[in-house]
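[1] A predicted structure for the sequence below; I have some questions about it.
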Amino acid sequence: MDLPAWAATPGGVRDQARRGLFNGNTSGMAPGFGQGNLAILPKSWAEDFYRFCQANPTPCPLIGMTQPGDPAVPMLGEDIDLRTDLPRYRVWRDGVLVEELDDISALWQDEFVGFVLGCSLSFEYALERAGLRVRHVDEGKIVPMYHTSIQTTPVGPFQGPMVVSMRPYTPEEAKIAYQVCERLPGAHGAPVHIGDPAAIGIRDIDNPEEGEPTEIKPGEVPVFWACGVTPQAAALHAKPPILITHSPGHMLVSDIPVEQLRLM
């Protein structure tokens, strides 16, 4: 996928999103820099969610967190504003998705706490450097994501299934992918499953709950990584009065190289 010049740097991607000029998929953008999933909650819900991330670091690797009412995330970039710098947001009320927006400034509250969780899109550059193509990037698609039978560790009201993303590789390539990603805990780390989708409760690999289907060619196997959409599944159970998340595939692009992402 050929990138426009502005998409080569984290600041360029955020600037285009902030100005309303870009609301698309961030897969493959700002190669080498960490991307993040977003969850914004009222302060009264933040402690339980923080502990949920601590208890589930593979699907929810916490790499950034705001002070109440402050949309800045200085540990991930000096000029980040969580109200404007993601291409698209989802707004949930009482566990129900009610709208998608390109800017949440009008919804921002002084009691909001923002959480940024490491994202599987962060490691795709590392895969490509290791000689592995990333098919959904080549095709300009959003990575397919599936709800599984793997359950997260519950904390307070937060619980639910682990969500995974999938990329197809040959068995030999899957071994390389495992070795590359196990060194990147801030981007979900190593795959959680390789092979039979039914073994983790996925009934139809051609119909992901989020994203777009990716062809699995003869000789390839599906490789599954934990996914930062998992908190959205947990929200369906917790039902906070308001939760704001990224729209799947539409991430915060940070200034931190993926190899340097650290868990909080």
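    Sure thing, it's come through. Numbers count the residues shown, from 1 in each chain.
[2] neighbours around V96, how many?
    10 (other C-beta atoms under 10 Å). (Each C-beta comes from the backbone N, C-alpha and C, glycine too.)
[3] Bridged to it, which residues?
    Going by DSSP bridges, V96 is paired in beta bridges with R93.
[4] Now do it against I104, distance only.
    Here V96 is placed at a distance of 17 Å from I104 (C-beta to C-beta, to the nearest Å).
[5] and if you look at Q67?
    17 Å.
[6] Same check on H136?
    Noted for H136: a distance of 26 Å to I104, by C-beta to C-beta.
[7] between these two, who's got more neighbours?
    H136 (26 against 19).
[8] CA atoms only for whichever helix or strand that one is part of, dumped as PDB, please.
    Assigned by DSSP states H and E, H136 falls within helix 135-138. Extracted in PDB, the C-alpha atoms of helix 135-138 (Å, rounded to 0.1, in the frame of the first residue of the first chain):
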ATOM      1  CA  ARG A 135      -2.300  -9.200   3.500                       C
ATOM      2  CA  HIS A 136      -5.000  -6.800   4.800                       C
ATOM      3  CA  VAL A 137      -2.400  -3.900   4.600                       C
ATOM      4  CA  ASP A 138      -1.600  -4.900   1.000                       C
END
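[9] Figure out how far that helix is from the centre of its chain.
    Distance of helix 135-138 from the chain centroid (C-alpha atoms, centre = their mean, to the nearest Å) equals 16 Å.
[10] State the next helix or strand along the chain beyond it.
    Immediately after helix 135-138, counting by DSSP H and E, sits strand 145-151.
[11] next helix or strand past that following strand?
    Using DSSP H and E, the helix or strand that follows strand 145-151 in sequence is strand 161-169.
[12] buried ones in the next helix-or-strand element following that next one?
    As assigned by DSSP H and E, the chain's next helix or strand after strand 161-169 is helix 171-181. Of the residues in helix 171-181, those buried by neighbour count under the rule 16 or more other C-beta atoms under 10 Å are 173-174, 177, 180-181.
[13] for stretch 32-43, same thing?
    33-42.
[14] Next step: those residues restricted to strands.
    Among the buried residues of stretch 32-43, DSSP state E puts 33-42 in strands.
[15] In this structure H147 contacts Q232, no?
    No - counting by C-beta atoms under 8 Å, H147 does not reach Q232; the two are 10.1 Å apart.
[16] what residues are shared contacts of these two?
    Shared contacts of H147 and Q232 (C-beta atoms under 8 Å, 6 or more residues apart in numbering): V163.
[17] quick one: which of those two has more around it?
    Q232 (25 against 21).
[18] Is that one in a helix, a strand, or coil?
    What DSSP: H, G, I helix; E, B strand; the rest coil gives for Q232 is helix.
[19] Now it. Nearest residue, chain neighbours left out?
    Ranked by C-beta to C-beta, 6 or more residues apart in numbering and with sequence neighbours excluded, the top spatial neighbour of Q232 is T245, at 5.5 Å.
[20] which helices and strands sit right next to the host helix or strand of that neighbour?
    Here T245 sits within strand 243-246, counting by DSSP H and E. Contact here means 3 or more C-beta pairs under 8 Å, 6 or more residues apart in numbering; DSSP states H and E; on that basis strand 243-246 packs against strand 33-42, strand 89-93, helix 230-238.
[21] Same list (the ones you listed) but as a markdown table, adding mean pLDDT.
    Listed next are the helices and strands packed on strand 243-246 as a markdown table, based on pLDDT from 0 to 100:
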| stretch | mean pLDDT |
| --- | --- |
| strand 33-42 | 96 |
| strand 89-93 | 96 |
| helix 230-238 | 87 |
